[in-house]
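1. Predicted coordinates and the sequence they were generated for:
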Amino acid sequence: MRSLTPSLPVPKGFTFLAPLAILLALSFASLASIGHARLWEAFTYPSYGGLMLLLTMAGGFSLWLSNRWSRHPHTNALLSLLLATILPFILLAALFYVAGWGYSRAFYSYFFVFLGSLNFLYHLRLMRRPMRICAASLEVEKILSKLGDRKVLVVPMNEANNCEVVVANLRDEHGLLPPQMLSQLSARGIEVVDVITFLERLTGKVDLNHLSDEADKLLRPKDYIGLKRVWETAVVIFTAPIWLLLGSIVAIAIRLDSRGPIFYRQNRVGLFGEEFQMYKFRSMYVQSELEKPKFAAENDPRVTRVGRFIRKYRLDEIPQLWNVVKGDMSLIGPRPEQVQFVREYSQTIPLYETRHFVRPGITGWAQVVHGYTDDTDGAMEKLSYDLYYVKNFSLWLDLLVIIKTLAVILRGFGSR
């Protein structure tokens, strides 16, 4: 699996402060728990030492995850920080409950509150100051200055010692830094990043004008596809009682609202360009199916009353969970397009077919960041986000998409 997470560089001192924070949290929890008999009587597994070990692992994962997510492009930093802090401890508590292990709730609570507070204060300080970036050349400085991003402060190379990252044009031989300077920067823990790669991290999308002719080979993910298939299928099966109940309610509402079938089937393009039949709850009147394929518009008259509601909150996508079980789709990935649109875009948009290097998804990075699109220009913009997802294909990006999807559903963002 790729270890690269497409976030901004790790702040200086994080690798030192994270273990120190965990050690302080363990010490505080130990002192605060004195007097709680259960702490000293918990001889069943996990014992006191076992509990400390598991909490250390959960705390380390929480700090690492919050550092990644809070500095990720197109992310609400405070919300991501809150979720990343809480999630590992919720999972650990669920493990204790399912396994029936005894543990000290007092020690657990004190550790979580203390470490979470330190984590919040540390990242709150980071959010209030811009990231110092050294531009290796005047050309790079001009490119970065045009962004107007408040999170970035561009400084000259003579202040490299106080920078978090050095941005250079590594694709041009004139933009390469001397080997001695590169080794000195690496020794100080300062990352050197190509300007195009840095812009991708900052914007959350790929610049289509700078993809090489070998992009189809470079963007093809290999390792994570198998693991992704396993955990997504497990999630769908585990949550089946919930979505089956919810789907039954939606099906009854559709039947009562308008005449026609409950389900809508349509051929879409999936992994490696293969066609498959995608399922949805019908949200339009029956006669609209006979029309030439076209994008949905705002206040589209083809949409039924129930259809407007289920499209807003993405309930019409519930049947696609069966596509996930079958292996046609994933929970997260580029949205599958109609065959006709794929043929058109493949002829007009360069590298459009590279989005088919992963399974299409019910939700995806482009959906939660860019939203709905209904023209060629919008499709090109959406493709840049899709390729960003393909290029940075990883479990951590999938988890971030899931969190952002929940926020999108609550807001009804991008629905038609």
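-> Looks like it came in fine.
2. so where's the stretch 251-400 of the chain shaky on pLDDT?
-> Applying pLDDT under 70 to the stretch 251-400 of the chain flags residues 288-299, 374, 376.
3. can you pull out the helices in it?
-> Assigned by DSSP state H, counting those that start in this stretch, the stretch 251-400 of the chain shows helices spanning 305-312, 320-326, 339-348, 365-369, 376-391, 395-411.
4. Pick the most deeply packed of those helices.
-> helix 365-369 (a mean of 25; mean count of other CB atoms under 10 Å). C-beta: built from backbone N, CA, C; applies to glycine.
5. Which elements pack onto it?
-> helix 376-391, helix 395-411 (3 or more CB pairs under 8 Å, 6 or more residues apart in numbering; DSSP states H and E).
6. quick check, distance from the first one to the centre of its chain.
-> In other words, helix 376-391. A distance of 15 Å separates the centroid of the chain from that of helix 376-391, by CA atoms, centre = their mean, to the nearest Å.
7. With only the CA atoms kept, save stretch 88-106 in CSV.
-> Below are the C-alpha coordinates for stretch 88-106, written out as CSV (Å, rounded to 0.1, in the frame of the first residue of the first chain):
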residue,chain,number,x,y,z
PRO,A,88,-9.1,5.8,17.2
PHE,A,89,-10.4,5.9,20.8
ILE,A,90,-14.0,5.0,19.7
LEU,A,91,-12.6,2.0,17.7
LEU,A,92,-10.5,0.9,20.7
ALA,A,93,-13.5,1.2,23.1
ALA,A,94,-15.5,-0.9,20.6
LEU,A,95,-12.7,-3.5,20.6
PHE,A,96,-12.8,-3.7,24.4
TYR,A,97,-16.6,-4.1,24.3
VAL,A,98,-16.7,-6.8,21.6
ALA,A,99,-13.9,-8.8,23.1
GLY,A,100,-15.3,-8.5,26.7
TRP,A,101,-11.9,-7.2,28.0
GLY,A,102,-11.8,-5.6,31.4
TYR,A,103,-10.1,-2.2,31.6
SER,A,104,-10.0,1.0,33.7
ARG,A,105,-12.5,3.4,32.3
ALA,A,106,-11.0,6.1,34.5
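8. Show me which residues of that stretch are buried.
-> With burial defined by 16 or more other CB atoms under 10 Å, the residues of stretch 88-106 counted as buried are 88-89, 92, 96, 101-104, 106.
9. now stretch 238-245
-> For stretch 238-245, burial by neighbour count (16+ other CB under 10 Å) applies to Trp243.
10. next one: stretch 271-290
-> Residues of stretch 271-290 classed as buried by neighbour count (16+ other CB under 10 Å): 271, 276, 278-284, 288.
11. Tell me which two of those sit farthest apart.
-> Using CB to CB, the buried residues of stretch 271-290 reach their maximum pairwise distance at Leu271 and Ser288, which is 28.3 Å.
12. show me the contacts for Lys280.
-> For Lys280, the contact set (CB atoms under 8 Å, 6 or more residues apart in numbering) comprises 263-266, 316-317, 319-320.
13. For the stretch 201-350 of the chain, just list every one of the strands.
-> 263-269, 275-281, 330-332 (DSSP state E, counting those that start in this stretch).
14. Listing partners with orientation, what would you give for the second one?
-> Next to strand 275-281 in the sheet, as set by DSSP bridges, lie strand 263-269 (antiparallel).
15. when you compare where the partner strand runs with where helix 305-312 runs, what's the angle?
-> Strand 263-269 and helix 305-312 are oriented at 40 degrees to each other (axes from the mean of the first three to the mean of the last three CA atoms, to 10 degrees).
16. Which one of the helices and strands packed on helix 365-369 lies nearest to Ala18?
-> Between Ala18 and the helices and strands packed on helix 365-369, the shortest gap by CB to CB is with helix 395-411, which sits at 16.7 Å.
17. So for stretch 18-25, what gets flagged as buried?
-> Per 16+ other CB under 10 Å, stretch 18-25 contains these buried residues: 18, 21-22, 25.
18. Can you tell me which of those is nearest Ser183?
-> Relative to Ser183, the closest of the buried residues of stretch 18-25 is Ala18; by CB to CB it sits at 26.2 Å.
19. Does the closest one touch Trp64 like I think?
-> Yes: under the criterion of CB atoms under 8 Å, Ala18 makes contact with Trp64 at 7.4 Å.
20. where's the closest residue to Glu275 other than its chain neighbours relative to Phe341, distance?
-> Excluding its sequence neighbours, the residue lying closest to Glu275 (CB to CB, 6 or more residues apart in numbering) is Asn267, at 5.1 Å. Distance of Asn267 to Phe341, computed by CB to CB, to the nearest Å: 11 Å.
21. Could you do Arg171 as well?
-> Counting by CB to CB - Arg171 and Phe341 are separated by 32 Å.
22. again, but for Ile143
-> Computed as CB to CB, the Ile143 to Phe341 distance reads 33 Å.
23. With Tyr97 instead?
-> In terms of CB to CB, Tyr97 sits 47 Å off from Phe341.
24. do the same with Asp386
-> Here the criterion is CB to CB. By it, Asp386 lies 14 Å from Phe341.
25. How about Ser137?
-> Separation of Ser137 from Phe341 (CB to CB) stands at 41 Å.
26. what's Arg259 in contact with, if anything?
-> Residues counted as contacts of Arg259 (CB under 8 Å, 6+ apart) are Val286.
27. Ramachandran angles for it?
-> The phi/psi pair for Arg259 (degrees, to the nearest 10) reads phi -80, psi 150.
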